[in-house]
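Novice: Here you go, sequence then predicted model.
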Amino acid sequence: MSDSIIKSLGAGSGIDTTSLVSQLVEIEKAPREERLNSKQETLESQISAYGTLKSSMSELQGALSPLADNDTFNARSVAFPDTDVITPNSVEAGAQTGTYNIEVESVAQSQSIVTGAYSDKDSALNESGTLTISFGTWTYDEAADPGADVDTDDDPYSFSVNDARAALNIVVEATDSLQDIADKINAEDADVQASVLLVDGQYQLLLTAPSGANNAMRISSDDATKGDTTGLSVFEFNETEHSQVTETQQAADATLKVNGLTVYRETNEIDDVIQGFNFSVNKAEPGSSFTFTVSEDTAVAEQAIRDFVEAYNLFYETAQNLVGYSRDESNQVVRGDLATDGTAKAIVNQIRNTISALVPGVDDGYNALTNVGIRTELDGSLSIDEDDFSAAMQDNFALVESLFATRTSSSSDEVSVSIGSYASGTVAGSYDVVVTTDPEKATVTTNAMVDGGNISFDSAADSVNIPDASSLDLSFKITVDGTKSDTITLTGSYSTIDEVRADLQSLINGDSNLSASNIAVDVAYDSATDQFTFTSRSYGTSSTVQFDSADFGADIAELGFADFSDTGVNVAGTINGEAGFGSGNVLLPKIDTDPYGLNLTIGENAVAAGTVSIGFSRGFAGELENLINSFLSSSGSIQLREDNIGDSLEGITEDREELDRKMEKLELRLYSQFLAMERIVSSFQSTGNQLDGILDRLPFTASNG
């Protein structure tokens, strides 16, 4: 409204119309605004209260996590003496308990080989070809022939391939320098350390193998110039060629006596002599031993249970203050901010019900908190009956674990159960598994070996005579799981069939194409039929093994190689009467069935096992944690309620805007009404002024002067 109009208001009547309109509008607006303010305050208090509730639930989750972890109930402690012979590194949950006496007779060491000297490490060597590094155990002249000439006692005599470790094939190009070769070896990430050292003004290539007698290196090449001072043969260390390199240290195992039993290990970092106990061997001290004890540590689980009871009581107190009634410092009754909120009350009630309910899937006698002495008091808090709790921890500790922690079980070793990523919806309980088709790997069996020609062998003794395979063309390619290898060539000298078998496995698994795809095979030899078998390490229809004679060298057929191919078989079966999904050796339950979320790994003889019973339980901690997760998730009930409150707050903002618009219209209407009144008053005043003295001016009424 213009200032001129506002100024004109009250001019005639003398009334402060502007103030009066403002007061009238405020009187009209106040009760409506008060209702909006009250509603907004309530909603904002609920948002804040839900934040407090979520924080409290998260703290309770933190106390549940250790109880859901089986490691908590398998904690171990070690009483270890003061010694510098070995250093204890860690003791894992579930480590084998007992008292152990250890004597260290020798330490493990790595084979080291150094090449001849070069004037420059970065200049091209102008040599090309392939260096093959195999791993295994060397027998030296002294061991093979104790009467050998003393000058040749340390010469490599025969080599037994470690078929568990893949061979390395290093492709050397003419432009490669000594440093380039070192870099290529290190890039294989096979635990072989290659270093170029500057010694007396000359550069030498130092190769260090992984520690252990069975990890020594045998180095060969496809260079035909054996014994020359040029070519790739200068890097060779094998039965027939080693004149250009020096073995500075032989590989050896660590030798220990554990409770009188002699054990050998490839490394000085040992974690499998005593299950779950990791220690480092520092030095040998033959004839001296020490004793230590690994024992159960139930105190970890006990403290975790006590921490949960304390955390729950804090949560419950917080929750009750939010959804119920409490008293303030002046003993006045205070209603919680969520006392009228049905969602919050339902959440608290569900958690309370879980506390007192039987644990699904647990049927061994300890299936409720009361079994371990945890009681619910009249006010809803938890307490511990110390006598019952101590008895449970001392006499039935395994049952306490099954009550709290996640557990899977199977009645047969042919079916193992693991928990998948979708297990949040899995229903705890027991299920019957029937495997109708065993999983199979692809396996190819060659023809029988040919005795005669370039290769002769004695099948009865499993011996073979190949003094130098590099003089033959024992090359081939193999396709495994859909990936084809590069050319693979046997180049060693062999006296037994097992040496051939081991080298085949090592070379195939060391192929760059196959290893890059994490593909490997197992090679076996049947002495009864004189046949090799090549088996993929994967299961199912994606498992394949194939040989194509077009990729064979001239002499490989004498080992029985020919055109062969095979494909594996996927597992098939039912879980609780419903057909499962089989992929390789993994059987998955049907989607949306009760056991969905469990992964079953099936053995190769599961059909013969018949009906297998599997079980799954989250335990008490897992069930409560799963429930809280559902409440706190992005699609959970709390988020939905917060979204609704947010929508209501946005509605209040809109209501305020609408109220302001209505009050603005009311104000304009009042101003218009008062303006009309002022005009009427002004008209009356003008008329009055005109009538003032009119009698004196009328004829016959004028007063005499």
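Specialist: That came through, no problem. Owing to the predicted nature of the structure, the values given are computational and were not obtained by experimental measurement.
Novice: any low-confidence regions in this structure?
Specialist: The chain contains residues with pLDDT under 70 at 1-14, 142-153, 224-229, 685, 688-705.
Novice: tell me, which strand in it spans the most residues?
Specialist: Counting by DSSP state E, the longest strand found in the chain is strand 129-140.
Novice: Each with direction, which strands does that one pair with?
Specialist: Strand 129-140 has its sheet partners listed here by DSSP bridges as strand 156-161 (antiparallel), strand 168-172 (antiparallel), strand 216-221 (antiparallel).
Novice: Which positions in that strand come out as buried?
Specialist: By 16 or more other Cβ atoms under 10 Å, the buried positions in strand 129-140 come out as G129, T130, L131, T132, I133, S134, F135, G136, T137, W138, Y140. C-beta coordinates here come from the backbone N, C-alpha and C atoms, glycine included.
Novice: Now do it: distance to the chain's middle.
Specialist: Chain-centre distance of strand 129-140: 36 Å, with Cα atoms, centre = their mean, to the nearest Å.
Novice: ok, now stretch 584-598?
Specialist: From the chain centre to the centre of stretch 584-598 is a distance of 20 Å (Cα atoms, centre = their mean).
Novice: Now it: buried residues?
Specialist: By 16+ other Cβ under 10 Å, the buried positions in stretch 584-598 come out as 584-590, 593-598.
Novice: could the residues you listed be laid out in TSV, adding secondary structure and distance to N321?
Specialist: Formatted as TSV, the buried residues of stretch 584-598 follow (DSSP: H, G, I helix; E, B strand; the rest coil; distance: Cβ to Cβ, whole Å):
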residue	secondary structure	distance to N321
G584	coil	54
N585	coil	54
V586	strand	49
L587	strand	49
L588	strand	45
P589	coil	43
K590	coil	45
T593	coil	42
D594	coil	38
P595	coil	41
Y596	strand	39
G597	coil	36
L598	strand	40
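Novice: check contacts around the residue nearest the centre of the chain.
Specialist: When Cα atoms, centre = their mean is applied to the chain, the residue found nearest the centroid is S421 (10.5 Å). Counting by Cβ atoms under 8 Å, 6 or more residues apart in numbering, S421 makes contact with G597.
Novice: Check the spacing between it and N599 real quick.
Specialist: Going from S421 to N599 by Cβ to Cβ, to the nearest Å gives 9 Å.
Novice: can you check A448 too?
Specialist: Relative to N599, A448 is positioned 41 Å away (Cβ to Cβ).
Novice: And the two? Which one has more around it.
Specialist: N599 (17 against 14; other Cβ atoms under 10 Å).
Novice: so where does the more buried one fall, helix or strand?
Specialist: In this structure, N599 sits in strand 598-602 according to DSSP states H and E.
Novice: next structured bit after that strand?
Specialist: Beyond strand 598-602 in the direction of the C-terminus, DSSP H and E gives the next helix or strand as strand 611-617.
Novice: Could you identify the helix or strand that succeeds that following strand?
Specialist: Next helix or strand after strand 611-617 toward the C-terminus (DSSP H and E): helix 619-632.
Novice: so how far is that following helix from its chain's centroid?
Specialist: For helix 619-632, the distance to the chain centre is 20 Å (Cα atoms, centre = their mean).
Novice: What separation do you get for the residue nearest to D69 when sequence neighbours are not counted and S430?
Specialist: Spatial nearest neighbour of D69, excluding adjacent residues (Cβ to Cβ, 6 or more residues apart in numbering): A405 at 6.5 Å. Distance of A405 to S430, given as Cβ to Cβ: 18 Å.
Novice: between those two, which one's more packed in?
Specialist: Higher neighbour count among A405 and S430: A405, with 23 against 15, using other Cβ under 10 Å.
Novice: Where does the record place the domain boundaries for the protein?
Specialist: Split into domains by automatic domain parsing, the chain comes to 1-72+298-406+621-705, 76-106+255-296, 110-252, 408-439+571-617, 441-567.
Novice: Check which helices and strands the host helix or strand of F292 is in contact with.
Specialist: Taking DSSP H and E as the definition, F292 sits inside strand 290-296. With contacts taken as 3 or more Cβ pairs under 8 Å, 6 or more residues apart in numbering; DSSP states H and E, strand 290-296 sits against strand 76-79, strand 98-106.
Novice: Looking at those, which is nearest to G651?
Specialist: strand 76-79 (59.1 Å; Cβ to Cβ).
Novice: Kindly export that closest one (C-alpha atoms) in CSV.
Specialist: Output in CSV follows, covering the C-alpha atoms of strand 76-79 (Å, rounded to 0.1, in the frame of the first residue of the first chain):
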residue,chain,number,x,y,z
ARG,A,76,45.0,-68.0,22.8
SER,A,77,47.8,-66.9,25.1
VAL,A,78,51.5,-67.9,25.0
ALA,A,79,53.9,-68.2,28.0
